[in-house]
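Asker: Dropping the sequence and predicted coords here.
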Amino acid sequence: MHSEKPPLPKLQPVLLRRTSSINPPNGFSGITGASTPLSGSSHGAPLSGGSSHGPPPGIVDPDASNPVVADEEPGNSATVMNMSTHKRKQSGPVDNDIILAMERMEKQEEMEQMEERYNMGDVEPAFDFNNSRRVSSSFPGAYANSSFLNPRTMSLVAAALVLLALAAFHSSSETIDHSAPIAAGSNTANLGASNSESSSKSITYGEEHMEIVGSPKEAHVHEYNKVRYFDKPDKMTPMISKGPILFNQDMGGLHLFEEVCVTNNMDALRWTPMETSLRGLVYFTGDQDILDNEKRCVPCKDTKGLEGWDSASPEEAVLGHKCGMNGLHAMFASSVGDWSECISREENMKLMEEYGQTQSPLDVDTVHLFTQPTFLLQFNVLDTEVSMFDMLMTYLPHWQYFRDNNEFPFDSVISHSLEGCLSHNHHWFCEILHQINAFGPAKEIPWESDEKTLYCFKQLFYNEVGYQRNLDKDDLVTKDLLGEFREILFRKFALSRRRNHHASQKAAAEQGESEGSNDEYTKIIFYDNKLSEKTVWNEMDTLIAKARSLEKYQNVKFVTVDDSSDLTVAEQAKSFNEADAVIMVHGEQMTNAIFAVDGTTFVEVGCKVSSLIGNPKFMELMDSTYQAVERCTEGADGNSVCVVCDSDEDDSNFTMTAVAFENLIDGVVRSLQK
């Protein structure tokens, strides 16, 4: 009679998890013009062992709150932080059933060795392998039946081996040393790599991985979506800043910094008009001469006109340090804690307030360190015309270069000017950037409006504000480049007219339409800004109504726009695209000129007109004409094309005589007939 079979061991759950990663575009291999090359951009991978749920690596879920994690003291083993619903718990002691299975496995091995020796004639049989019965007591503990060698028993042995392997795997897992410094541009996937080359924490982009996860085990995470979080500034690894270095010597305007922090100018938000494009740059140095300067953390009053980091400013003599460059005010410190302590001094606070350079944050509690290359997007939210010329005209040549090479050197974009600019915001300028795919596959980083959190970057790309405002850098923004940029917008917004007016006529002829079917009238659009509190063109509707009654304007179609701010970007684009001429009150709505066809005539009207659209170089790139109509000068006759202002203010309301208006329309029609 067979003996009772031993109970099956309790099998622990085994989870097979498959992880994969996608290889984002690599940074360019080098930076031209660098006297001391900065380390090239690289792309870290998320640490393994986290949740398989949530956003893909490198993408921040804006609905999820960012974890703030205390840094580890050097040498401490990693503790635990719950990052998802899948917790990892420490494995308990080995079960007794596993020990029993181990003993059985050892006996089986001894039996096989005895059989092998018997077959070689070395020993007398202690076990009858043919009849499966015990013939000698020289092999203690052997079974007198075949229950140990049947398939069920062998399955138990196999299960025991798997569980033993899991126990050995968890007991030998190595902790992550988070105190190790990270070189700028280094692969953050190796943060926790040990001396062993085979580590599940070292994941390379583009590979697929199988990872066996046994009983849940917790792990401490300092980095989430390539952002490291510090709840105390003194827990950070010391940084030494590098740069700026021109990313492309042939173009200029785009600079690369390493290991710097960015602040916001809070006083600029209270200016009239408000300014949203000014930033402070915390530059870390070990230069003792600079660190001995008690005003090292105070930004200069004004950086306009500073083209490049080495441009001289009169304020350098007052503060004893470089001022930075246009749009980016430099501050110096040895560490985040040193900078925070420096700006909190009473004398420095007063000086910043006097200069209109109060920075945020002032009292730093937490630091977010972005380990991937990041583009700093700065523009003036309140003026789309200024944004296009100050930011976009500088960036367009680089954008074309990146597109032609199908590679962008940064992985993320951050904008303190307007949150969600590239994702959910429908601001005019943001919509243009989105439609041309201005930053390739780079993802926008959401930022928190927190006066106690400082944002720092391993690698920061800075597009110098105002570098090409006046288009005075030859051969950077060419007619071909601007044409390519506009062609993309024409397609994206499905505009009916071709960019080139003559090409539209040719296309109409090819489709069998009469040559003049699309040009039977001249379309002029007007805008009086009457819903605004200032700079209103009074009685414009009356002037238009009188002009419509004149015989000579029977082929002129007068169209008015009530409120341009109430139109979507697509609607604004359509109205400008369909117009042969645009006559409007001076303002940012004229930025829609990029949607107009070549050869369009633009007229801005106001008591004082200061326009970037009217730059002759821009009009030459557009193959268009421009005219500014301003305040009537003393002694001007009744035939002069000018406006009569209500006051001496430049932004005063105004009107125009019927004769002046008629002369204006005559001039516009003549310009379109050339």
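Answerer: Structure received. Here the structure is a predicted model, which is why all the values come from computation and not from measurement.
Asker: in the stretch 401-550 of the chain, which spans are strands?
Answerer: Applying DSSP state E, counting those that start in this stretch to the stretch 401-550 of the chain gives strands spanning 412-414, 443-444, 453-463, 522-527.
Asker: strand partners of the longest one, parallel vs antiparallel please.
Answerer: According to DSSP bridges, strand 453-463 has the following sheet partners: strand 254-265 (antiparallel), strand 366-370 (parallel), strand 374-376 (parallel).
Asker: how about those strands, which one is nearest D404?
Answerer: strand 254-265 (15.3 Å; Cβ to Cβ). C-beta: built from backbone N, CA, C; applies to glycine.
Asker: Beyond that closest one, next helix or strand please.
Answerer: Moving toward the C-terminus from strand 254-265, the next helix or strand (DSSP states H and E) is strand 279-284.
Asker: quick one on the thing from earlier: output the strands paired with strand 453-463 as TSV; include the columns mean pLDDT, mean neighbour count and distance to T394.
Answerer: Formatted as TSV, these follow (pLDDT from 0 to 100; neighbours: other Cβ atoms under 10 Å; distance: least, Cβ to Cβ, whole Å):
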stretch	mean pLDDT	mean neighbour count	distance to T394
strand 254-265	94	23	7
strand 366-370	91	21	22
strand 374-376	96	24	12
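Asker: Can I get those in JSON lines including distance to V318?
Answerer: Listed next are the strands paired with strand 453-463 as JSON lines, based on distance: least, Cβ to Cβ, whole Å:
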{"stretch": "strand 254-265", "distance to V318": "18"}
{"stretch": "strand 366-370", "distance to V318": "30"}
{"stretch": "strand 374-376", "distance to V318": "27"}
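Asker: May I have the residues that are in contact with Q589?
Answerer: Residues in contact with Q589 (Cβ atoms under 8 Å, 6 or more residues apart in numbering) are Y527, S564, S565, Q572.
Asker: Flag the shaky bits of the stretch 201-350 of the chain, pLDDT-wise.
Answerer: 201-222, 269-277, 303, 305 (pLDDT under 70).
Asker: Strands along that one, start to end?
Answerer: So, for the stretch 201-350 of the chain - with DSSP E, counting those that start in this stretch - the strands run 208-213, 223-224, 227-230, 242-246, 254-265, 279-284, 324-325, 328-333.
Asker: So which of those is nearest S652?
Answerer: Using Cβ to Cβ, the nearest of the strands of the stretch 201-350 of the chain to S652 is strand 254-265, at 30.3 Å.
Asker: tilt between that closest one and strand 242-246?
Answerer: Angle between the axes of strand 254-265 and strand 242-246 is 120 degrees (criterion: axes from the mean of the first three to the mean of the last three Cα atoms, to 10 degrees).
Asker: hang on, the earlier thing: hey, which of the strands of the stretch 401-550 of the chain is tucked in deepest?
Answerer: Among the strands of the stretch 401-550 of the chain, strand 453-463 has the highest mean neighbour count (mean count of other Cβ atoms under 10 Å), at a mean of 24.
Asker: And the average pLDDT for that one is what?
Answerer: The pLDDT scores in strand 453-463 average 94.
Asker: who are the neighbours in contact with the nearest residue to E539 once chain neighbours are set aside?
Answerer: Setting aside the residues directly before and after it, E539 is nearest to T655 in space (Cβ to Cβ, 6 or more residues apart in numbering), at 5.3 Å. Contacts for T655 (Cβ under 8 Å, 6+ apart) come out as W537, N538, E539, V643, V644.
Asker: Kindly report the same for A330.
Answerer: A330 neighbours (Cβ under 8 Å, 6+ apart): G280, L281, Y283, P299, C300, W309, H321, K322, C323, G324.
Asker: go on, E662?
Answerer: A547, L550 are the contacts of E662 under Cβ under 8 Å, 6+ apart.
Asker: how near is it to M540?
Answerer: For E662, the distance to M540 equals 14 Å [Cβ to Cβ, to the nearest Å].
Asker: likewise C323?
Answerer: Using Cβ to Cβ, C323 is found at 45 Å from M540.
Asker: ok so, going back, and K226, which of the strands paired with strand 453-463 is closest to it?
Answerer: With Cβ to Cβ as the criterion, K226 lies closest to strand 366-370 of the strands paired with strand 453-463, at 6.9 Å.
Asker: which other residues reach that closest one?
Answerer: Strand 366-370 is contacted by residues 66, 68, 226-233, 236, 261, 336, 412, 414, 445, 450, 452-458 when judged by Cβ under 8 Å, 6+ apart.
Asker: before we move on, back to that, are any of the contacts of T655 buried, and which?
Answerer: W537, N538, E539, V643 (16 or more other Cβ atoms under 10 Å).
Asker: E315 is nearest to which of the strands paired with strand 453-463?
Answerer: Comparing the strands paired with strand 453-463 by their distance to E315 (Cβ to Cβ), the top pick is strand 254-265, with 15.3 Å.
Asker: Let me have the contacts of T655 in TSV, adding pLDDT and distance to S624 as columns.
Answerer: Output for the contacts of T655, formatted as TSV (pLDDT from 0 to 100; distance: Cβ to Cβ, whole Å):
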residue	pLDDT	distance to S624
W537	96	22
N538	95	28
E539	95	28
V643	95	22
V644	94	28
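Asker: How about M540, nearest residue that isn't a chain neighbour?
Answerer: Closest to M540 by Cβ to Cβ, 6+ apart is D528, at 4.0 Å.
Asker: who's in contact with L281?
Answerer: Residues near L281 by Cβ under 8 Å, 6+ apart: F257, V260, C261, V262, T263, G324, L328, H329, A330, M331.
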